[in-house]
Every structure is written in structure tokens, then in C-alpha cells.
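Undergrad: Have a look; sequence and predicted model below, questions after that.
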Amino acid sequence: MAKRSFLIPGVDKRLLIKDSIKTMPDVTRRRFIAGGASLGALTLLTGCDVVDSSSAEEMLKQVSKFNDAVQAFIFNPDALAPTFPESAITKPFPFNAYYDLDDAPDVLAADWKLEVRGLVDNKKSWTLDELYKLPQVTQITRHICVEGWSAIGSWTGTPLRDFLKLIGADTRAKYVWFQCADKEGYNSPLDMRSALHPQTQMTFKYAGEILPRAYGFPMKIRVPTKLGFKNPKYVVSMEVTNDYKGGYWEDQGYNSFSGS
């Protein structure tokens, strides 16, 4: 592919890069700077020169996609996230969201059903009582937040890969896409290899008790191999799909893969 170049006299390409980096999410910006990517390297990767702020942003989007592809390539679906003893659990485990706890979804268990869509054989909706009857396991793993802090918690639920098998999901599909009850329509895609990881879990309990509102009642998706924002809470539906549908944070520039 020929490199596109539309140079404008007087435009400082490096300043444009710096301005665009300021719009990146914190973690993406830190990784970008730590990687020491030069303007020449960016131009080589994306095949275009920087001439204005929009082309700078487009270049950085291409770098983000490249980063996702590299993380997906090196991801080992058999490598487990570290587990910890009960004595290591963070108390209290912090509430984490882009809103205050008072604004968290208050889901009524009797009215809630998990909607199942997409490339699956069985599209029935699941009540909480039905999901609670599925075999469950407990993991004590670390939650790593994109903001730089971490906490260890105890999570109990059904391995997502077992549920996908139960509903006859096409595991050759690319993604499992989750939608949540948050008022702003939180959603997040999970690549299928991560969805099938043995520690990826449909979580129904925290510390042996029914999952509290603060941690995502009635169900969250616990993915200890991912950064925290890839662990959606208050889940209301899942869709097995080959289409990349974006996500709440992904659409704001965060890397979709975001392994921890």
C-alpha cells in the first residue's frame, strides 16, 4: 500500500502527535509513551503521514488496533491468572464504576432474565434460579483497574465456557458481546479465546454471598486475565457473534483486548 502524504507547510507533525496523545485514555497514553514509538515508526505502521489533528487521531487508532492484534496473538489461553489465599483478600473490596454507588443499577431478581442471542442453538432466557443451579466454582483473583490500582476478591460462579457449551454456542465465532443494565447502556465485547479461558466466569456470588449490588448483581463476568473494565457488571444479555460491536470504553479509545 502506498504511503499517503498530504503535507501542509508550517504544520509540526510532532506537536499534532502530542495533542492527539492527550486525548488517549490514561493507560493507553502511558503504554504509548513507555513504548517510545517514534513518528517514523508510527508512519511505517499506519502507512500515512500526519498532517492535521484528524490524521493524527486516525494514526493512533491504527496503532491501537495493532496493539490489540499483538496482545491477541501472544495470549495463551492455557495460562492461568495468579490465585491467592483468603488471607490476601482486599477488605473492603472497592466499588468501581464511572458513577457513584447510589447510581448503580438496582436490579430486581424476580424480573431479571439473562437474554441469549446470536450464534447459539438454544436462545432461551435464563432466570437467576436456573443459573444458580448450574455447577459453580470459586476463584480468588486480582482485579487490576485501568486507573492503576488493584484488589483481590473471592468470586463464585459458572465458567463461561461451560455455559457456552450448554447453550450450543458456535465457539468458532469471534466474540461474546455483553450488554448491561447501567443507565448509559454499558456494553463490552470479549474475544472468544478469552471467553473460553478456564477462569472466565459468570459470577453470582462474592465472598460466598449473593453478589451485592456494588459488585454487579445479579451477574457479572469475571475475567481475571483482563483489565477491570473488561469485567462487565449488571449483565442482562450476551450475544455470540462474528461482528465487532464496540463497547462503552472501547468506543472512547481503550484497547478492546486489554489483557492484564
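TA: In hand now; what should we look at? Residues are numbered from 1 along each chain as shown.

Undergrad: residues of the longest strand anywhere in the chain that come out buried?
TA: When the chain is parsed with DSSP state E, its longest strand is strand 150-159. Neighbour-count burial for strand 150-159 flags 151-159 (criterion: 16 or more other CB atoms under 10 Å). Using the backbone N, CA and C atoms, a C-beta is placed for each residue, glycine as well.

Undergrad: what does stretch 177-187 give?
TA: Here stretch 177-187 shows 177-182, 186-187 as buried, counting by 16+ other CB under 10 Å.

Undergrad: any chance of the residues you listed in a markdown table, with secondary structure, pLDDT and distance to residue 77 too?
TA: Formatted as a markdown table, the buried residues of stretch 177-187 follow (DSSP: H, G, I helix; E, B strand; the rest coil; pLDDT from 0 to 100; distance: CB to CB, whole Å):
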| residue | secondary structure | pLDDT | distance to residue 77 |
| --- | --- | --- | --- |
| 177 | strand | 97 | 19 |
| 178 | strand | 98 | 19 |
| 179 | strand | 97 | 25 |
| 180 | strand | 97 | 25 |
| 181 | coil | 96 | 29 |
| 182 | coil | 90 | 29 |
| 186 | coil | 92 | 26 |
| 187 | strand | 95 | 23 |
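
Undergrad: list the helices and strands the longest strand of the chain packs on?
TA: Using 3 or more CB pairs under 8 Å, 6 or more residues apart in numbering; DSSP states H and E, the elements in contact with strand 150-159 are strand 137-144, strand 201-206.

Undergrad: switch the cut-off to 10 Å
TA: helix 128-132, strand 137-144, helix 160-166, strand 201-206, strand 209-210, strand 220-222 (3 or more CB pairs under 10 Å, 6 or more residues apart in numbering; DSSP states H and E).

Undergrad: Direction included, what does it pair against?
TA: Here strand 150-159 is paired, per DSSP bridges, with strand 137-144 (antiparallel), strand 201-206 (antiparallel).

Undergrad: Among the ones you listed, pick out the one with the most neighbours on average.
TA: Comparing these by mean neighbour count (mean count of other CB atoms under 10 Å), strand 201-206 comes out on top with a mean of 23.

Undergrad: would TSV of the strands paired with strand 150-159 with distance to residue 172 and mean pLDDT be doable?
TA: Formatted as TSV, the strands paired with strand 150-159 follow (distance: least, CB to CB, whole Å; pLDDT from 0 to 100):
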stretch	distance to residue 172	mean pLDDT
strand 137-144	25	97
strand 201-206	21	98
